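Trainee: how would this look folded up:
(3 chains)
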Amino acid sequence: MLAEQLLNGVIVGGLYALVALGYTLVFGVLDKLNFAHPDIFMFGGYVAVASLVLGAPVWTTVIVVAAVTGVLGLLVELASFRRFTAPDAHITAALSSVAFGLIIVDLVQKQWGSEPLEVPLEGRSAAIVALGVRLAYVKLAALAATLVLLAVLYVVVRRTRFGRRMRAVADSPVSAALLGVNVRAVTQLVFFLASAVAGIAGMLRVTITGFATSEVGFTFGLKALAIMAIGGMGDLRGAVLGGVLVGVVEAVAFQIGLGQIADVAVWVLMIAVLLVRPAGLFGGRHQRETRA
Amino acid sequence: MSVPPVLTLDVDAVCKSFGGIQALTDVSFEVRGGEILGLIGPNGAGKSVLINVVSGIYPPDSGTLRFRGSDITRLSSHMLGRLGIARTFQNIRLFRRMTVLENVLVAEKRHLLRPFSSVLGFGTRRAEIEAAMAGLARMHLADRAEQLAGTLAYGDARRLEIARALAGEPRLLFLDEPAAGMNERETEALKEDIARVRGAVDAIVIVEHDMELLRGLASRMVALDYGRKIAEGTPQEVLSNPQVVETYLGGARHA
Amino acid sequence: MISDYLMLTGLNILLAWSVYVILLSGSLSFANGGFMGIGCYAAGVVTVKLGWPLLLALPVAGLAAGLLGAVVGLPALRTRGVYLILVTIGITACVKVTIESIPYLGGVQGFGGMGGSALWQVWGLVALVGAALFALSRTPLQRILDAIREDETVARCLGANVVYLKVAMFGIGAALAAVAGGLYGHYYVFVTPDHFNILVSIYLVLYVILGGVNNPWGPALGATAMSLLPEASRVLQDWRPTVFGVLILGLLLVRPQGLLPFRLRTARPPRPRP
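Mentor: I've put the predicted structure just below:
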């Protein structure tokens, strides 16, 4: 059913967007890529399962997930990014975060095994039927949660003092520091925020699919990286639009039987964008002082 | 009846802008064979931009560049380097983790042209090394041959850059503020070094603030201001040009 | 069992060198897992489907991957730094997904029936490539590559055709990874596309980072350490990714040049003649 697939595509696209936003936020302030991000997303799903297994209600779980993954993000910042502040330390920080990501995946597998972990959520398969389309409650809830998160992020970035400071650092950390912004504190908060959002996205994903898996970082998470590049590195709006676009295209392709082409297409599109129009499909120019 | 001078470089109406900022407007001048040309102008006049355009780092927006009669306007850096245009950099860009000797050896054109064939010779031949050492000796750097370039003292680093630029046997050499940060004694020594090597190239263009370096060295000068040429001629002519005098009033003189 | 370790170690050394070769010209490639896969499948098709001997299939695979690497490299290598990392990750992903969608190659289920690679072939190649890299380290080409890594713009101004060199090294690295992939497939008989995923590419890069990027021994040491150490201790084996990750994290903080940080001089001043 095309309509149902489209809805799926939008929902998945929303999750892509949340993860891509995390990459983008960090890239915006640090001009570096956090390759541990997809594994934080993955970890969020496991934290959610663990919390639910312990009997915590859903709302509490959301907070737990956000807190735990946020803190994990802070650890990544400390280990992989704090020391590498020189503009030409991009590669070193990237590699360090890759290594951190490996550790996260291994620890998760040691703790919970390599088999998919079932999500203990009652009524997961309950749904309503409207206009001939079957809408699972969990999917609707996930969509709602995604929209709320996006709205919250929008407000934080555009309307708060923190958001202004963050944008100042993204524009030029040197100037921001001169203006009295505590660049390190802003950076840490951004890491926390990006990771918490990714963690919740991970939770949403496992509630939709019913299982937590450890490879999802490499599949879903890396694709979100491609999406960020497609939407425009450092461009928040681009990340959201890119996520939804890819989600919908994938769903449609799947519907018409071209599912595998969609997978390749995303990566090919990313490569094409990086080569031809590095500002991204939707991006404005992301000019930054110290860009190498 | 005088023979028309051999033109090493002919810059014709070159313009270059960066995102709305006009760095060079309609700049035209010539560099003649056998001469040392001084390119002067205050900060921001466009001198370094000009060198970057001539060495192929930026393409000009309009205008032409002719090198020994051939049009080089659209050529890339490495083609220009191979044709015989060499340059140094204002902020000294050495290969810091390589030795002094290696810095000079990199410029060997033969290997740059055929990098994979260079593997067949199985090593750098003694003659090559000796030639490189001679080039270093000419710049008083022979005893530092094994030192890592990044550990050199300032004056030595500047001289190494010149030695490296000369090692490729260029025809035209651009020196971008070679005397920056040097005291009087060092500037005098640099002057002697340049005078000593001038026979190795067809022409030298020295970009400088410091009139001390150019005095007695440069046979002609070109003055830039705000991206435009405001004078060209002998040092006497240029330095007595009222526009030039006005620009330099208040001391572009090297402190 | 011993032969298993030796085989794996030899292959990992070759694969680490394939990353090193590309790194020589200043590009960090996460595509070598993909090139390994191309080589494995290409060699496999040649031996299994066409019936050719392995020693003919390997050069074919290497050539194919090398050319592909050069063609892809020409546009790709215009990107730098993290952007290049993204593009090379994309290459690995594209290769894996493409192989998965070709039924002739067995798709997701895998490809089998390969056989015949021997320890002497792998270690013979290790000796050959090692000797070549060592010889290279004394040549003008090494010097030019070092200069490009130091300061690409200056190298260009001196007359180095940087684009040509980057593409060439990319192609050579791709070819080496492909041959290693072919040997890999013909040892383990059966492979799936998942054997050549992004994790493999990441590990190869990390072998090089661990061992040291400034000379040919570093990548070999990194690959050997990560291949053999887990065999020495059960704990290390179970916790290999974590141990590896922690090692790299720590290394990058205190000794980013790797375990073997030294650089080989490409030339020395002549000793005075008597």
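Trainee: Near chain C, which residues of the stretch 101-250 of chain A? Just list them.
Mentor: Contact residues, the stretch 101-250 of chain A versus chain C (CB under 8 Å from any CB of the partner chain): A:101-103, A:105-107, A:110, A:218, A:222, A:225-226, A:229, A:233. C-beta here means a position set from N, CA and C on the backbone, and glycine is covered the same way.
Trainee: Report the two of those residues separated the most.
Mentor: Comparing every pair within these by CB to CB identifies A:K110 and A:M233 as the most remote, at 33.9 Å.
Trainee: of these two, who's got more company?
Mentor: Using other CB atoms under 10 Å in any protein chain shown, the more surrounded residue of A:K110 and A:M233 is A:M233, with 26 against 13.
Trainee: From one end of stretch C:144-157 to the other, what's the distance?
Mentor: End-to-end span of stretch C:144-157 (CA to CA, to the nearest Å): 12 Å.
Trainee: in that stretch, what's buried?
Mentor: C:144-152, C:154-157 (16 or more other CB atoms under 10 Å in any protein chain shown).
Trainee: so how far is that stretch off the chain centroid?
Mentor: 23 Å (CA atoms, centre = their mean, to the nearest Å).
Trainee: what do you get for stretch A:223-236?
Mentor: Remark: stretch A:223-236 is offset 10 Å from the chain centroid, using CA atoms, centre = their mean.
Trainee: What mean pLDDT does that stretch get?
Mentor: Here stretch A:223-236 scores 87 as its mean pLDDT.
Trainee: Which members of the buried residues of stretch C:144-157 occur in helices, if any?
Mentor: Assigned to helices by DSSP state H, the following of the buried residues of stretch C:144-157 qualify: C:144-150, C:152, C:154-157.
Trainee: just checking: which of the residues you listed also lie near chain B?
Mentor: Of the residues in these, proximity to chain B by CB under 8 Å from any CB holds for C:144, C:146-147, C:150, C:154-157.
Trainee: Could you work out the most separated pair of those?
Mentor: C:D146 and C:C157 (16.0 Å).
Trainee: Counting neighbours, which bits of stretch A:109-116 end up buried?
Mentor: Of all the residues in stretch A:109-116, those buried under the rule 16+ other CB under 10 Å are A:109, A:112, A:116.
Trainee: Would you mind reformatting these (as TSV) and adding columns for pLDDT while you're at it?
Mentor: Compiled in TSV, the buried residues of stretch A:109-116 are given as follows (pLDDT from 0 to 100):
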residue	pLDDT
A:Q109	93
A:W112	92
A:P116	89
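Trainee: Of those, just say which sits nearest to A:A3.
Mentor: Closest to A:A3, out of all of those and judged by CB to CB, is A:P116, at 28.6 Å.
Trainee: State the phi and psi torsions of the closest one.
Mentor: phi -60, psi 140 (degrees, to the nearest 10).
Trainee: Cross-check the contact I'm expecting between A:A93 and A:R82.
Mentor: No: using CB atoms under 8 Å, A:A93 is not in contact with A:R82, being 9.3 Å away.
Trainee: The two: which is more packed in?
Mentor: It is A:A93, of A:A93 and A:R82, that has more neighbours when counted by other CB under 10 Å, with 25 against 14.
Trainee: Could you list the low-pLDDT ranges of the chain?
Mentor: I went with chain A, as the question did not name one. In the predicted model of chain A, residues A:1, A:123-125, A:132, A:283-292 satisfy pLDDT under 70.
Trainee: Hmm, no, I was thinking of chain B.
Mentor: B:1-6, B:121-124, B:249-255.
Trainee: how much space between the residue of it found nearest chain A and C:S227?
Mentor: The nearest approach of chain B to chain A comes at B:G19, 9.5 Å away (CB to the nearest CB). From B:G19 across to C:S227, the span is 51 Å (CB to CB, to the nearest Å).
Trainee: Between the two, which is the more surrounded one?
Mentor: The neighbour comparison of B:G19 against C:S227 (other CB under 10 Å) goes to C:S227, with 20 against 5.
Trainee: Can you give me every residue that contacts that one?
Mentor: C:5, C:8-9, C:12 (CB atoms under 8 Å, 6 or more residues apart in numbering or on different chains).
Trainee: First-to-last residue distance for stretch B:196-213?
Mentor: Note: stretch B:196-213 ends 14 Å apart using CA to CA.
Trainee: element containing residue 169?
Mentor: Here I'm looking at chain A. Element membership for A:V169 (DSSP states H and E) is helix A:161-171.
Trainee: that answer is for a different chain, and I need it for chain C
Mentor: Per DSSP H and E: C:M169 is located in helix C:162-188.
Trainee: Kindly report the same for B:G63.
Mentor: Under the assignment here (DSSP H and E), B:G63 is part of strand B:62-67.
Trainee: Excluding its own residues, what touches that strand? List them.
Mentor: By CB under 8 Å, 6+ apart, the residues outside strand B:62-67 that reach it are B:7-15, B:26-28, B:53-54, B:71-73, B:80, B:83-85, B:172.
Trainee: what do you get if the cut-off is 6 Å, keeping everything else the same?
Mentor: B:9-15, B:72-73 (CB atoms under 6 Å, 6 or more residues apart in numbering or on different chains).
Trainee: And stretch A:66-74, by the same measure?
Mentor: A:40, A:44, A:47, A:188, A:191-192, A:195-196, A:199-200.
Trainee: Kind regards, and thank you for your time.
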